[in-house]
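*Asks:* Next input, structure requested:
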Amino acid sequence: MVELADGSMRKTSLPDFDSLWDYDHPGATERKFRELLPPAAQDSRDLAYLAQLLTQIARTEGLQRKFQDAHKTLDRVRKALDKTDDRTRVRYLLERGRVFNSSSKPDDARPLFLEALDLAVKSKDDFNAVDAAHMMAIVEPTEKQFQWNLKALDLAENSAEERARKWRGSLYNNIGWTYFEQQQYEESLLMFEKALEFRAREGDMGKIMIAKWCVAKALRMMDHTEEALEMQRNLFEQYQVAGKKSGYVYEEIAECLMVMGQNHEAQGWFAAAYGELSKDPGLADEQDRLNRLRDLGKVGMSETSGN
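*Replies:* Model (predicted):
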């Protein structure tokens, strides 16, 4: 017996699609999800499963910036909502809102997230209630982000649902970034350190490394440059051992070196950062940042190309 997407229990051969998510590789995740469509579509008793699976396919499309495709996928879900349940409606609202927000339409996303939050709270769907509150923090202006992140954190900390409680690591991180954007770097550092402690208890090395990067960035902004640089260099070595690259680590190493007056070495790191981050679809709207990395790394790139 397993729990289906609609919350009911019965025998099924359909897998838990949520466990297949790899947010760093939405294209690969989309392919995995689509492989589940034929068996899900053939089982009419799993209409909620099929509809919720489609919401997650739409999410993968949104992460790949295929916004029109994502809306078309969600249109299929909308037609089935009257025949499903509250959880399916909540997930539909969340993903429709996410597509709007990712396509720079936060005003269209906001009422959807609010509706999702209200319905999730009423139906005691804690995990998605936290998700909706955290998305409200993302679409609201900086002065309102803090209250929404605290709302999400309160929901997570007071939930008996383990999946909802796991949101705490992300929320500590998000609250840290809200403080960071307000230039309250000491408060930001405290939240990033809480996030790091949480990730360490979870034991996911990828998340631990991201949390360490956030701590190091806050330290740099507090003028603890040498400590920040040491942390970033250690992260660089860990990524090397794992056979991976992180343009974000390269960027921070370059920033630390420039603060310390080691401009020549910094140029090479800026060039490496631009080489990686210019390929990151998540930075498509941060062209000024990418242009700065490109310009600061020009000497480094020319020297690299000459070798």
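*Asks:* what's the burial count for residue 284?
*Replies:* Counted by other C-beta atoms under 10 Å, the residues lying close to residue 284 total 10. Heads up, the C-betas are built off the backbone N, CA and C, glycines and all.
*Asks:* What pLDDT does the model give it?
*Replies:* At residue 284 the predicted local confidence, pLDDT, stands at 81.
*Asks:* burial count for the spatially closest residue to it that is not a sequence neighbour?
*Replies:* With C-beta to C-beta, 6 or more residues apart in numbering as the criterion, residue 284 has its nearest non-adjacent residue at 6.9 Å, and that residue is residue 65. By the criterion of other C-beta under 10 Å, residue 65 has 15 neighbours.
*Asks:* Please give me every residue in contact with residue 65.
*Replies:* In this structure, residue 65 makes contact with 102-103, 281, 284, judged by C-beta atoms under 8 Å, 6 or more residues apart in numbering.
*Asks:* Check the secondary structure at it for me.
*Replies:* For residue 65, the secondary-structure state derived from DSSP: H, G, I helix; E, B strand; the rest coil is coil.
*Asks:* Stretch 275-290: which residues count as buried?
*Replies:* For stretch 275-290, burial by neighbour count (16 or more other C-beta atoms under 10 Å) applies to 275-277, 290.
*Asks:* Of the residues you listed, which is the nearest to residue 55?
*Replies:* Out of the buried residues of stretch 275-290, the one with the shortest distance to residue 55 is residue 277. That distance is 29.5 Å, counting by C-beta to C-beta.
*Asks:* Am I right that that closest one is in contact with residue 251?
*Replies:* Yes - in this structure, residue 277 sits in contact with residue 251. The criterion is C-beta atoms under 8 Å, and the distance is 6.7 Å.
*Asks:* Which neighbours do these two have in common?
*Replies:* Both residue 277 and residue 251 are contacted by residue 293, under the criterion C-beta under 8 Å, 6+ apart.
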